[in-house]
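*Asks:* With the input below, show me the fold.
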Amino acid sequence: MPGEDRISALHDDLLLKILSQVPTKDAVTTMVLSKRWGLVWTMVPKLEYTDRSKEGENSIWRLIDKSFQLHKAPVLEILRIQIDHYQFSNDADIGKCISYAVDHKVRELTLFLPSQDSQPKILQLPSNVYTSKTLVTLILSCSALVVDVPSLPCLPLLDTLALLGVRLLSNCPALSYLCVHRNMSDNVTRFIVKVPSLKSFTYSQRIRASARPLVLDSPGLQRLSLSDRDLDSIHYMPHLDWADVSLFAPYPKDDKFLRFFSSVKALRLSLRNDVAIRSKDIPLSWNKPSSVPVCLLSHLEIFVWKAFGGRSQERELVAYILANSKCLKTVRTSPSYFLEEKEKEKMMEEIKSMYRVSASSQLLPCTRMDMWI
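*Replies:* Below is the predicted model:
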């Protein structure tokens, strides 16, 4: 029949699943539909708030506070708050929200709280956050935020931690994924990551700053994405399968740090210099090793070199890899943009003529996807 309300006749579990897929603000408005809908949304185990207004009003916090008062679900599995334009003056509202979520056994807590202040703000998170027995995923993002952490925090089930412009140190024995993006506002000097349970680590520090080195000592790592300007030391990672490493000048004094990637199956290494724009202006040195690395002899299958400049040191290195990589299947190269067309053609012909110990290997041009092999 026209106008028949079939949705309201659905079972509560199905209605809760439907309401969990929409922002909480929209779920709350279903109260006006009927008495039946008036109570359903209060049992939703996921609350998600997004405020994209530019006025910096506190209406979002009033909505959150009101919905918390009406919320009746015994377990709040997910709480997400994203505010695009906001300048908070105190952490009372934030603390109240987080405390409520932790008390209701939250598993995923995500806060995106941009600040217009250039100075870092100290945020006092509720103490129950650091002893939560249910929190598995914690994502904090703010352009200028320093989280004041107690001396001995413990998050026994925390599996995923993402810090975007935020300082946070914690004792998390189950942590397997860690993402850190550093900015000028954090006051951490020597950033030490010593987490035995860590399986995946993403770290970026692209700002120009001195005395902010990274120390990585997590032997269980399987995936690593590292973009840094001040690499201090990396300990051996015997289980590392995949690594994407970008280093900015000045580079490490020697190449010893590469020894700790000896077990990696896929390695993308990028050396960058903000002053020397053209690759031919970047100093390059390479010394032939006394013995052939095991990775070349036993398992290197794909070799990619982008922006190949054709200098003698580069040619020697490519020739060495081709002559010693017994398992090599694919070789991809692309010339540097500053070379003339004739130079590019000559360079590619020279590479084709180099001896390859693996007779089945193919020489192909680079593609965009080769950046992420």
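
*Asks:* use CA for all of it now, contacts and neighbours both
*Replies:* Will do.

*Asks:* Residue 156 against residue 173, yeah?
*Replies:* Yes - the pair residue 156 / residue 173 is scored as a contact, 5.7 Å apart, by C-alpha atoms under 8 Å.

*Asks:* Quick check: residue 129 is in a helix.
*Replies:* Yes - assessed by DSSP: H, G, I helix; E, B strand; the rest coil, residue 129 belongs to a helix.

*Asks:* tally of neighbours for it?
*Replies:* By other C-alpha atoms under 10 Å, 23 other residues sit near residue 129.

*Asks:* With the one 4 residues further on instead?
*Replies:* Summarising burial for residue 133: neighbours were counted as other C-alpha under 10 Å, giving 17.

*Asks:* and what of residue 51?
*Replies:* Using other C-alpha under 10 Å, residue 51 has 18 neighbouring residues.

*Asks:* quick one: the closest residue to it other than its chain neighbours from residue 196, how far?
*Replies:* Nearest residue to residue 51, sequence neighbours excluded (C-alpha to C-alpha, 6 or more residues apart in numbering): residue 83, at 4.8 Å. Noted for residue 83: a distance of 34 Å to residue 196, by C-alpha to C-alpha, to the nearest Å.

*Asks:* These two: which is more packed in?
*Replies:* When residue 83 and residue 196 are compared for neighbours, residue 83 comes out ahead with 19 against 16, by other C-alpha under 10 Å.

*Asks:* Test my guess that the more buried one contacts residue 110.
*Replies:* No - if you go by C-alpha under 8 Å, residue 83 and residue 110 don't touch, sitting 11.3 Å apart.

*Asks:* Using the three-state scheme, assign residue 320.
*Replies:* Put simply, residue 320 is helix when judged by three-state DSSP.

*Asks:* roughly how far apart are residue 203 and residue 81?
*Replies:* Noted for residue 203: a distance of 24 Å to residue 81, by C-alpha to C-alpha.

*Asks:* what do you get for residue 104?
*Replies:* Separation of residue 104 from residue 81 (C-alpha to C-alpha): 16 Å.

*Asks:* Now the closest residue in space to residue 325 that isn't next to it in sequence: which helix or strand?
*Replies:* In space, and not counting its chain neighbours, residue 325 is closest to residue 296: 4.5 Å by C-alpha to C-alpha, 6+ apart. Using DSSP states H and E, residue 296 maps to helix 294-298.

*Asks:* Okay, buried residues for that helix please.
*Replies:* By neighbour count, with 16 or more other C-alpha atoms under 10 Å as the criterion, the buried positions of helix 294-298 are 295, 296.

*Asks:* residues in contact with that helix?
*Replies:* Contacts of helix 294-298 with the rest of the structure, by C-alpha atoms under 8 Å, 6 or more residues apart in numbering, involve 262, 263, 321, 324, 325, 326, 327.

*Asks:* got JSON lines for those, with distance to residue 213 too?
*Replies:* JSON lines is the format used below for these (distance: C-alpha to C-alpha, whole Å):
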{"residue": "262", "distance to residue 213": "22"}
{"residue": "263", "distance to residue 213": "24"}
{"residue": "321", "distance to residue 213": "32"}
{"residue": "324", "distance to residue 213": "35"}
{"residue": "325", "distance to residue 213": "34"}
{"residue": "326", "distance to residue 213": "37"}
{"residue": "327", "distance to residue 213": "37"}
